[in-house]
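Enquirer: the following block contains a protein sequence and its predicted model.
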Amino acid sequence: DAGVTQSPTHLIKTRGQQVTLRCSPISGHKSVSWYQQVLGQGPQFIFQYYEKEERGRGNFPDRFSARQFPNYSSELNVNALLLGDSALYLCASSLWTGEYGYTFGSGTRLTVV
Amino acid sequence: GNSVTQMEGPVTLSEEAFLTINCTYTATGYPSLFWYVQYPGEGLQLLLKATKADDKGSNKGFEATYRKETTSFHLEKGSVQVSDSAVYFCALSEIQGAQKLVFGQGTRLTINP
């Protein structure tokens, strides 16, 4: 079975631009979460979606938005990119209850120049 | 809020040495606890987990025990290998709301032959 797939793997954008990152969860998983990992730090929670509804949002500005589609895939959008948005963006899928763990994709490396 | 504190790295050991990476947490209630591993250029892989007090998670020779009395979840391995070189993250899953993962800052481990 395929794991969590993310696209693209790498991306270079200019300040002020907008970016869309995509994630497909493991088959049967209905929850998708997004995390931002800045170099040298632990991942920080951005969003969680379950059954197309936002179930949680981290401490990120409104420039960050996301959605989940009927097939449970998800997109993360970031508007008006800043240099500080450069990071590895990780998608994680799970069954509803997170107590049994999350499976992460390999991430999208975003560089803002 | 909930938080995770890991022993600071980097940690450098010789092959076959004993490994301990300390992890303590602050949380409301009794969260699930996890260790994730990140190899260079990759996403996070779940290494082991424990969902209640006194549970021991184990995988690939690594072990960690959920200690409620000391709010700790230290990672141990009896004999490390060069292939264990990676960054290790301790995390908890919140039991309310989105049940998001809260990560420690990570510990970089290097094993020399």
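Expert: All right, it came through fine. These numbers were taken from a predicted model, which means no experiment stands behind them.
Enquirer: low pLDDT regions in the chain?
Expert: Looking at chain A here, since you left the chain open. Scanning chain A with the threshold set as pLDDT under 70 gives A:1, A:96-100.
Enquirer: try chain B instead
Expert: B:96-98.
Enquirer: residues of it that sit close to chain A?
Expert: Within chain B, the positions near chain A by Cβ under 8 Å from any Cβ of the partner chain are B:4, B:31-32, B:34, B:36, B:42-46, B:49, B:51, B:89, B:91, B:93-95, B:97-106. Using the backbone N, CA and C atoms, a C-beta is placed for each residue, glycine as well.
Enquirer: got the contact list for the residue lying closest to residue B:84 once chain neighbours are set aside?
Expert: With Cβ to Cβ, 6 or more residues apart in numbering or on different chains as the measure, residue B:111 is the residue that lies nearest to residue B:84, at 5.4 Å, once sequence neighbours are left out. Neighbouring residues of residue B:111 by Cβ atoms under 8 Å, 6 or more residues apart in numbering or on different chains: B:12-15, B:17, B:80-85.
Enquirer: hmm, stretch A:82-93 touching chain B?
Expert: Yes - contact between stretch A:82-93 and chain B, assessed by Cβ under 8 Å from any Cβ, occurs at A:88, A:90, A:92.
Enquirer: the strand or helix carrying residue A:54 close to chain B?
Expert: Following DSSP states H and E, one finds residue A:54 within strand A:53-57. Yes - residues of strand A:53-57 are located near chain B by Cβ under 8 Å from any Cβ, namely A:55-57.
Enquirer: the strands in chain A, which residues?
Expert: A:5-7, A:10-13, A:19-24, A:31-37, A:44-50, A:53-57, A:64-68, A:74-78, A:87-94, A:103-104, A:108-112 (DSSP state E).
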